[in-house]
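> predicted coordinates and the sequence they were generated for:
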Amino acid sequence: QLPAERGLRILEIGAGTGGTTAGLLPLLPADRTEYLFTDIGPTFLNKAQERFSAFPFVHYQPLNIEEPPAAQNFALHQADIVVAANVLHATRNLDDTLAHLRQLLQPGGQLLLIEATEHRRWLDLTFGLTDGWWRYADSRQGHPLLSPQEWQALLQAHGFAQVELLELDGQAVILAEADSLPPRLSEQSWLILADRQGVGAALASQLHQQGDRVQLVYAAHSAPPPEGALSLEPSAPAQEWQQLLASSWQTAGRTGTAQLPRLHGVVHLWSLDTPALPAALRQRAEPDEKAPLDLVAAAEPMCASALQLAQALLQAQVEPAGLWLVTRDSQPVGPADPLSGVLQSVLWGLGKVIGLEHPELQPRCVDLSQDEDVQIQATRLRVELLHQGEDRQIALRSDARYLARLQRCTEQRAAQELTLPAGPYRLDISERGLLDALQLQPLERRAPAAGEVEIEVQASSLNFRDVLSALGTYPGDAGALGGECAGVVVGVGPDVTEFAVGDQVLAVAAGSLSSHVTTSVRFVAPLPAGLTLAEAAVLPVVFLTATYGLHHLAQIQRGQRVLIHAAAGGVGLAAVQIAQAAGAEVYATASPAKWDVLRAFGVQHIYHSRTTDFSAQILADTDGAGVDILLNSLTGPAFMQANLAVLAQGGYLAEMS
């Protein structure tokens, strides 16, 4: 019965071996479910990740429910359902446990428990030999298990208004619904950069009604701000933004603190006052000369204020539960969307940059709809603020809540949605720079000439070059899409003896994003034993590149130190394996989220790829000796200077460009 714009958020506590999980996952709608599998340690999480790999909507995170969830990086009041199967009785203090559990549930959310409820001797003889069976230190007397009546009373005491039980053979399924208001852990304060059209004021009123503190700030305007609100120029210097944060908190009654405390949320709505883009420009027609619009001047206050706000929060060491950058009609959800606010979409670009450089601010971009009145827009926004999930790009429309999310496309879905040409085909792009212009076009097969083979492509990989080519940013002529593949030989040239029709091969071949491709026999190799065609398709380009750089150019030797930049990428991972096979010592850079991948390959020296700090760190780790070989893919003079500083005397720099 959830509204159409909401997905289903389920969190399982103490999921363990996944017995309950395995029964639940097949029942859930994959396109609307977020399932968080938690347990106290990584062992069960790692095994569950392998077991439930077929369910892409399942995520995994450690959780000790006996400790406050917020201290374990859990967003509060987000779950629609919390599941706990025979786990709560094993906690030390049920009052603390239920208080923490209640913090995870959204208002009106449901708790689904499975608990043993009868004191049976065989349970005591089985589990009573462990210390954990008797570790409770709360009001329970003589036994860790509670009766159904005791569970009902305890849950009602912790804010569960309705409790239903189904008893069967000493076990109970308990369904409890949380009351409509979340428990207040502390005062929640909001800073809202309000628009002049009323969305910010309506949002503040709704937040006030639920007991929150709100400080409204308006962009400086000819009209003074409403009573109790502040005003500021969007392009004001950093010092004034710092003063805004300080005065905002003093208004909320928090003076005398050395450091501003955590805000529950900061909402940027000034973009809603950005002028609408003229219809002529939206339709790529000639603009109306009578009403010219300076696009840069119109967008600058919006972006400058968001940038200054983010920098002020960082300088004041304020880490809100969310920084919300709100636009209206700036994102295309459907073909009929008006996009009158497309100029505001530049704020989404800035939001993505903030998220990459300072994820602690937790920036989220939300797009509203002009088709709804101010109160409804504010209500939809308030619901999103109070129930934020992991999604960072959201469009709220009257019919649904839309998310920018990548999902794995199954072969069945591809067959349903993709219309293949009747005969051979290739992937082409009619206008580079527009990914919507990608199309499957009929292909005229070419019979192999002398020294060539024709391959029926079974798998083809996507390289960075193809992405740049499709986006229209590749320097020079990128040619046809695709550069490597794996498949079955269906034709051979008159002088070819290395391969025969029916052989499975991998190949380097221009235009390999096709059903058939013809290429020189020099660029074809037999399918290695033990590899699938899909696995083989990703090997040629990255391993040839890494082999050429490390062996042919740098002539790598055993015992040398090799620095591989962007080591978690395709070429990087190939280079790591080649260097290890040569007996070299690998030093690698990557973004922190990918360090575990490199550790799984046995790499011990790992550094950040987005700063130049690696230079000093590697020199320190090698006692000033540096590295003998450097395989570089980082661009810019600062990175080149850092590379040269870390390269040993007589070392070799292999540059990929």
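Received it, and whenever you're ready, just let me know what you need. Numbers count the residues shown, from 1 in each chain.
> burial check on Leu653, number of neighbours?
Number of residues near Leu653 (other CB atoms under 10 Å) recorded here: 16. From N, CA and C alone the C-beta is placed, and that goes for glycine too.
> secondary structure element holding Glu177?
Assigned by DSSP states H and E, Glu177 belongs to strand 171-178.
> pull the CA atoms of that strand into CSV?
Extracted in CSV, the C-alpha atoms of strand 171-178 (Å, rounded to 0.1, in the frame of the first residue of the first chain):
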residue,chain,number,x,y,z
GLN,A,171,7.4,-19.9,18.1
ALA,A,172,5.7,-16.6,17.4
VAL,A,173,5.6,-14.3,14.4
ILE,A,174,5.1,-10.8,15.8
LEU,A,175,4.1,-7.9,13.6
ALA,A,176,4.3,-4.5,15.2
GLU,A,177,3.5,-1.1,13.7
ALA,A,178,5.4,1.9,14.9
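> centre of the chain to whichever strand or helix holds Ala536, how far?
Assigned by DSSP H and E, Ala536 falls within helix 533-537. How far helix 533-537 lies from its chain's middle: 27 Å, per CA atoms, centre = their mean, to the nearest Å.
> same deal with stretch 524-531?
On CA atoms, centre = their mean, the centre of stretch 524-531 falls 35 Å from that of its chain.
> list the buried residues of it.
524-525, 527 (16 or more other CB atoms under 10 Å).
> pLDDT on that stretch, on average?
For stretch 524-531, mean pLDDT is 95.
> then stretch 538-550?
Per-residue scores along stretch 538-550 average to 95.
> show me what the helix or strand just after the strand holding Glu177 is packed up against.
Using DSSP H and E, the next helix or strand after strand 171-178 towards the C-terminus is strand 189-194. On a contact count with 3 or more CB pairs under 8 Å, 6 or more residues apart in numbering; DSSP states H and E, strand 189-194 meets helix 199-209, strand 213-219, helix 238-251, strand 265-268.
> I'd like the average pLDDT over the longest one.
Going back to what we said before, that points to helix 238-251. 76.
> enumerate every residue touching Leu573.
Residues near Leu573 by CB atoms under 8 Å, 6 or more residues apart in numbering: 542, 567, 597, 601.
> so who does the third one touch?
Just to be clear, that refers to Val597. 568, 573, 590.
> closest one to Ser305 out of the residues you listed, please.
Within these, the smallest distance to Ser305 is 33.9 Å, found for Ala590 (CB to CB).
> burial of that closest one, as a residue count?
Ala590: 24 neighbours (other CB under 10 Å).
> again, but for Ile174
A count of neighbours around Ile174, defined by other CB under 10 Å, yields 22.
> off-centre distance for the helix or strand harbouring Arg465?
For Arg465, the element it lies in under DSSP H and E is helix 464-471. With CA atoms, centre = their mean as the basis, helix 464-471 stands 22 Å off its chain's centre.
> begin at 39, not 1, for the rest of this chat.
Let's use 39 as the start, then, which means that last one is helix 502-509.
> any idea of the mean pLDDT in that helix?
Per-region confidence: helix 502-509 scores 89 on mean pLDDT.
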